[in-house]
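Asks: any chance you can model this:
(one chain, ligands or ions: 1)
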Amino acid sequence: MSSVRKPLVIGNWKMNGLVAASGALTRELGETLRTPEMCEVVLCPPFTALQQVGQLLTGLKIRLGAQNGFPADKGAFTGEVSMAMLRDIGCDYVLVGHSERRQHLSEGDGFVARKVVAAVSHDLTPVLCVGESGEVRAAGESESFVLGQVERGLSMLPVGASFVLAYEPVWAIGTGLAATARDANAMLAAVREWLCEKRGIPRDTFRLLYGGSVGPENIADFTAQNEIDGALVGGASLNAQAFAAVVLGAARGYLCTNK
Ligand code: PEP
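Replies: Numbering: from 1, shown residues only. Next comes the predicted model:
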């Protein structure tokens, strides 16, 4: 099977941006990024801006993603948005299991696993987010913790389904304290090995991202690593110039490797 490991940069705008501001940011990005041939780019605006951002992306080589989706297709789930609805509005990707949802909304691995399956069944690529807290890291248990999240989160993934996995140590998100490229690479090497060995997934048929305080100054260090195929970017994705620089840097770092 051929490699899918073109670099991927996903901007997670989180709960930021009214419709007008989201439109302005998308327009500015469209002008600044031009055609990012070397790198696939995805924007994940808030739900309320998905439609507008999707329309503005028409004709640009930037894809639309959602920050979350519910596992059931429809029904009495007040306030939720289904994967079918996300596909209907033009999303190609959906974040699943982001640590902020695990922390603030108590989402567990079983629920996350159901979201992965629901996303795939609606032709969305799930981006499964995993990562250890500062306490787990201090206890020296990062790898076993993360591999456990990977195992449970992907436990129902259909054979041959596309997915992306983002390693985002909780202590690195929004803190300015990124993991070192070496440490992130070591974690993702363990994840890739596990997926190949235990799940029999061919090694170059899925992408592994790093997330946590990524910006223009450090992105190339990450994508220059053999196991890191791109980044999930929060804060720096809210500024068009910074995000465009991250995308360029991701492509530059990737060129140093033979992935
Ligand atoms: C994120 O929210 O997924 C993230 C990585 O945020 P930041 O880049 O701001 O650390």
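Asks: up against the ligand, what does this structure have?
Replies: With C-beta under 6 Å from any ligand atom as the criterion, the chain meets the ligand at residues 12, 168, 173, 174, 211, 212, 213, 214, 232, 233, 234, 235. The C-beta positions use only the backbone N, C-alpha and C, and glycine is treated the same way.
Asks: and if we set it to 8 Å?
Replies: Within the chain, the residues that sit near the ligand (C-beta under 8 Å from any ligand atom) are 12, 14, 95, 98-100, 129, 166, 168, 172-175, 178, 211-215, 231-237.
Asks: tell me which of these fall in strands.
Replies: Counted as lying in strands by DSSP state E, out of those, are 12, 95, 129, 166, 211, 231, 232, 233.
Asks: could you point out the member of those residues that lies closest to the ligand?
Replies: The ligand lies nearest to residue 211 out of these, by C-beta to the nearest ligand atom, at 3.6 Å.
Asks: contacting residues around residue 173?
Replies: The contact partners of residue 173, by C-beta atoms under 8 Å, 6 or more residues apart in numbering, come to 99, 100, 131, 211, 212, 213, 234.
Asks: report the two of those separated the most.
Replies: 100 and 213 (14.5 Å; C-beta to C-beta).
Asks: name the helices or strands packed onto the strand or helix carrying residue 150?
Replies: Counting by DSSP states H and E, the element that carries residue 150 is helix 142-153. Helix 142-153 sits against helix 109-121, strand 125-130, helix 181-199, with contacts defined as 3 or more C-beta pairs under 8 Å, 6 or more residues apart in numbering; DSSP states H and E.
Asks: what residues does the second one touch?
Replies: Contacts with strand 125-130, where a contact means C-beta under 8 Å, 6+ apart, come from 10, 65, 92-99, 112, 115-116, 119-120, 146, 149-150, 153-154, 162-168, 191, 209, 211, 232.
Asks: partner strands of that strand, with direction?
Replies: Neighbouring strands of strand 125-130 in its sheet, by DSSP bridges, are strand 93-96 (parallel), strand 164-167 (parallel).
Asks: where do the helices sit along the protein?
Replies: 19-33, 47-57, 83-88, 99-104, 109-121, 134-138, 142-153, 181-199, 219-223, 240-255 (DSSP state H).
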